[in-house]
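Student: Prediction below, plus the sequence it came from.
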Amino acid sequence: MFTVNRTKLRFSLILMEEGEYYFDDYNATFYPPADTEEESWAKRVAGRVLICSNSIFFEPDDNKLPIMRMPFKEVLGVGRWLNSASSAPTLPSSSMSQSLPPPPSSREEPPKLPPKTAVSSTSGSALTRFFSTIPFARSVSTSTTSSTLPNPTTSPISSTPTLTNTSPIPSKQNINNNSSNNNNNNNNNLNPFDRRSIPTVTPSYIASKVDVFYIKTTQIIEMKEGNKNAPYVFKTCNLDLKFSLSYTALPPILETIKDFLQYSKKEKTQHENIIKSLIEDRENKHQFDLSLLVDLNEKSILELKCSKISPLVENPGRLLLTNARLYFQPMNNIEGKIFSHHNLESITRVQKRRHSLREIGLELFFDDNSSLFFKFGHTYDRDRVYNLLVQHLCPNIVNVHEQKNYLLKWQNGIISNYDYLIYLNNLAGRTYNDLTQYPVFPWIIQDYTSSELDLTKPETYRDLSKPIGALNPARLATFQQRYHHIPDGEPKFLYGTHYSAPAYVLYYLVRQAPEYMLRLQNGSFDQPSRMFHSIQETWNSVMNNSGDVKELIPEFYKPVDAFSANYCGEFLVNTEQLDLGVRDHNEIINDVVLPPWANNSPKEFVTTLQKALESDYVSSNLHHWIDLIFGHKQKGTEAVKANNLFYHLTYEGAVDIESITDPFKRQVLESQINEFGQTPRQLFTTPHPQRLPQSSRNQNLSIELNDLEENINHLYNTLNNSDELINSNNNTSNNNTSFDLYSFNNNNSNSNTSFDGFSSNSNLKKSSSVNNLSFDLNSSMDYSSNNNNNSFLNDDDRNWGSLANFTLNQVIKGHKDRVTALCLSSLNPDILYSVSKDSLLKIYSLREGKQNRSLNLCGLALSSIQLSRDEKYIIIGSWDDNIYVYSVQNGSISYSLAGHSDAVSCLKLHKNMLVSGSWDSSVKVWRVERSPNSGAITVDLRPMADFVESESEITCLDISPDGMTCVAGSKDGHIYFYDLVSLQMIRKSSLYYHKLTCIKYTPDGSRIVTSCVDGSLKLIGNEGSEIFGFQCDDKVYCLDTDGSTLVVGTRSGLRLWSLTTGTEIKDTASSFLSQSSQDSIRSLCVTMTNGRPTLLTGTLNGSISIWSQSQSS
């Protein structure tokens, strides 16, 4: 979340110009202009002089006085102040001799230079000597801020009486003199600052006491007066501002200021190159002082230069990695301490980042929810640090490949929509530390006029399938017209502006971070007509203004944090009483005007948006917006179709910034992109899966969440009662899974959600007539057994519950070779069917413990088995290329068909439709007929569809529970999706490199589980996108799932995974797993019998095991 660091010192890097560097500061005294130097001496102001590349600052110790900035481009001269003619044009020597100050022996001696900053007399420029003598980082000296000021002389104790400070800069009216005053004979009417134009040269009273230097400037910029954020005051003048240094010798510092002044007069690019070379030279000369290590036993591993990045600010320094800590030592003392350090154990995540379009950024996340963003000179340096931290030094780094785990948890409602969007933003390179890549959130609500908001009505919400620019058809037409008028050969775009840019972020956050807006707007707030004033007004602008397509930021949806001092909606309130301007009709801009339904309460407004974000409507449509911002509709042809195309330079990889050698062109391009906005990194190239509705989420989830809620409530109460525990428990969870009380309560309240099992961006639609469809989806004929089609089971029957207490009931050793397929009768759960590579079909009676039938159908292996609904017929696939129909009543083959030109490897029956796969690389769809007289089942000789897209053997397939789609896996690792309505291939996915061994729909049809012989398993959506993937350290041959639990057959027994959390269930939780460890499981299925799951496993040696829950469970 965006935070503003409030330090004791008012000066910060945010007060400098874009691209300006801060070098060092010195305790100093300022002598305000006055009628006499004696008066100026009496009004002297203690503070700091800060030397920067483009300007000099003076920060008074008294917070009531403003910070003064004197840009070098407005400075006419800098020098030692000796008398009233010091900054005037050179006078004849005779005149000068009459006004020389007393010799040094008659004046107070200048302060002695501390040993650490002794000035060298070696050759070279004064600036070079300056850099070689100043300490790399100096602690900021604290000065008296009361009305008693130190006498800036060598005397440690001042005898100067107590003085009252006055404003160091006169009003603008006094500075801009009227020319008529110069001719007025009455000296009392003269502006006191014009009296130095009188040719009389008088000795300096101040110079007689201390070494004084002057800055002759035509402009002074005042800021932070009273330590308040307000528009800067630009004062035009022609003044000699006098200063003295308190504890540092003046000559080397004065020469340095002169050099900076000289550089500032050069051409812009030349000036910037000089400053950058000075920065690099200073960085290269200074090394980290190892004596500053927290533990002197630490071992230094890597030290290199980098910059710490925060919003609109870059602070160069050095990074040091040891075996225990990470150190950052800034090049200057602006942070108030010599260095900062972090224990490596506190780092929970490391992310590579872009910075100014270059892959040179690295962001570190800590267990206290803070983060640091570093920029390196080269990608190589960034990657060295990344590899050291991730692979060797940080023991608590979260798995960097957990993207699919988060998607899985989001689908199942474990994490909220808010947390998932935060995660996607982070993964796509968005960060709170860089305003050019700030996290982006969608507009959700479109009703900002009603007195009450009904979150159950779809019309309350914005259409999330369209980008902001396409919500208004009339405005979209103008964008499209411009798009078509862009000449061929030039990059085309719809929108000339972006949905996220630094100006848009600060537009929303101006009340919370006004100093950043002042920096971005060169010291002023934006025009009142363009300020963030009203929610409804802003919504109307993004709906109608051709130059406004901005989305929102996370602060609009941030849940209440029980441990944070901030409250939700803080950014909407003008807590600092900022002067943001006056609009038309004398309307003062203050707090943001909220919609009527918010009842003028920022907290209620944000809370309502939170509820809207987690609502049923948004949960079932958020994947569309993800497709636009992070997914396959972000760029390319799909972006054009979705009216989502932005200017080409905003996309990652659109330009190779490293190949641009011209520094001016490079800087222009970087500035253009940083100001315009950057599109997030593309995360998905296929449609993003839809979130599961509450009714279709894993049934076991409710059990897990009930336990979790109890634990969270206990922790919450404990932390509320102990401040000490809040700190000690910050690092108790390093898996970065966001799950707070808000998201828990919200995610478990959506119990009424229901939608079609398919993703709404699928092109499949149920139709009764599609291209001469030769079968009826709604036909009453259903030849498939509900034992093989879970769509016939209700939600309770589909849920296996816990398999932890499974026991082995029976082992059957009936086959001579591996069991290729088996199933349990749904009509009589004591009957078991199996086929094997030994070419035998066997039927067992489990109750009687005997084999009822054994039939050798052919001379080759049998691969698959499907039961008709009445279980009077069994359809079998064989390696002899045939499909057989076996009559259970007659005990013989009633029908056979030469289905393929090679072995039939897999079969699936759904109602009156049979799908077969073969080693001949084809997938065929057959109509299954039943004789009206005998009731016998036959398969049409000619297939309804013959899909030949695969270039290798088809090894597995499955039909969706509603019979609308089919998926097939091949030997070369491809997955094919077929539309069984239009009988066409939908898509092809390449998720594996090796043979797929099993593929299966979840019972609700919304997802697909796949396995590969190399041990990898993936959960994918109907659109082909991977939701979650995990690796088994063994060969995987078969699997089954209820959508919540996944049971897998491997070369070394059974394995279990939770599809709710994506974690493996170990032997300690399910002891029956170890009992199967000696078996190579080649086939399995789980069947619900009387509300209890029964697991069947077939092994390589031909045995069959029956596992079931104990009766006491």
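Tutor: Thanks, I have it. Numbering: from 1, shown residues only.

Student: From the rest of the structure, what touches stretch 1100-1113?
Tutor: 803, 805-819, 822, 832, 834, 836, 838, 844, 846, 1072, 1076, 1079-1080, 1082, 1089, 1092-1099 (Cβ atoms under 8 Å, 6 or more residues apart in numbering). For glycine as for every other residue, the C-beta is placed from the backbone atoms N, C-alpha and C.

Student: Kindly recompute the last result at 6 Å.
Tutor: 805-813, 815-818, 1080, 1082, 1092, 1094-1098 (Cβ atoms under 6 Å, 6 or more residues apart in numbering).

Student: Next: stretch 60-72.
Tutor: So stretch 60-72 is contacted by 10, 45-47, 54-59, 143, 145, 165, 215, 217, 220-227, 261, 264 (Cβ under 6 Å, 6+ apart).

Student: Give me the subset of the contacts of stretch 1100-1113 lying in strands.
Tutor: The members of these that map onto strands under DSSP state E are 806-813, 1082, 1092, 1094-1098.

Student: Quick check: of these, which lies closest to Glu551?
Tutor: Checking the ones in strands among the contacts of stretch 1100-1113 against Glu551 by Cβ to Cβ gives Leu1095 as the nearest, at 48.7 Å.

Student: Show me what the closest one is bridged to.
Tutor: Beta-bridge pairing of Leu1095 under DSSP bridges involves Val1086, Trp1107.

Student: Now do the same contact list for His355.
Tutor: With the criterion set at Cβ under 6 Å, 6+ apart, His355 makes contact with Gly361, Lys375.

Student: Ok, the one 5 residues further on next?
Tutor: When contacts are counted by Cβ under 6 Å, 6+ apart, Ile360 touches Lys375, Phe376, Thr379, Arg382.

Student: The third one: neighbour count?
Tutor: Number of residues near Thr379 (other Cβ atoms under 10 Å) recorded here: 14.

Student: what does the second one give?
Tutor: As a burial measure, the neighbour count of Phe376 was computed by other Cβ under 10 Å and equals 23.

Student: from what I can see it touches Cys306, true?
Tutor: Yes. At 4.9 Å, Phe376 and Cys306 qualify as touching, with contact defined as Cβ atoms under 6 Å.

Student: Downstream of the helix or strand harbouring Lys308, the next helix or strand is which one?
Tutor: Mapping Lys308 onto the secondary structure by DSSP states H and E places it in strand 300-310. In the C-terminal direction, the helix or strand that comes right after strand 300-310 (DSSP H and E) is strand 313-322.

Student: What are the contacting residues of the helix or strand following that next one?
Tutor: Using DSSP H and E, the helix or strand that directly follows strand 313-322 along the chain is strand 325-330. Strand 325-330 is contacted by residues Ala137, Phe288, Asn315, Gly317, Arg318, Leu319, Leu320, Phe339, Ser340, His341, His342, Asn343 when judged by Cβ under 6 Å, 6+ apart.

Student: Which residue ranges of the stretch 801-950 of the chain form strands?
Tutor: Chain-ordered strands for the stretch 801-950 of the chain, with DSSP state E, counting those that start in this stretch as the definition, fall at 806-813, 819-824, 831-836, 840-845, 850-856, 862-867, 873-878, 882-887, 892-898, 904-910, 913-918, 923-930, 937-939, 945-947.

Student: on that earlier part again, what's the strand holding Lys308 packed up against?
Tutor: Packing partners of strand 300-310 (3 or more Cβ pairs under 6 Å, 6 or more residues apart in numbering; DSSP states H and E): strand 313-322, strand 371-375.

Student: between that strand and strand 325-330, how big is the angle?
Tutor: Taking axes from the mean of the first three to the mean of the last three Cα atoms, to 10 degrees, one finds that strand 300-310 is oriented at 50 degrees with respect to strand 325-330.

Student: and strand 300-310, which strands flank it?
Tutor: Its sheet considered, strand 300-310 pairs with strand 313-322 (antiparallel), strand 371-375 (antiparallel) by DSSP bridges.

Student: what residue ranges in the stretch 1001-1113 of the chain are flagged as low confidence?
Tutor: Along the stretch 1001-1113 of the chain, the model assigns pLDDT under 70 to residues 1067-1071, 1110-1113.

Student: Strands along that one, start to end?
Tutor: 1007-1012, 1016-1021, 1026-1031, 1036-1041, 1045-1050, 1053-1058, 1064-1065, 1081-1089, 1092-1099, 1103-1109.
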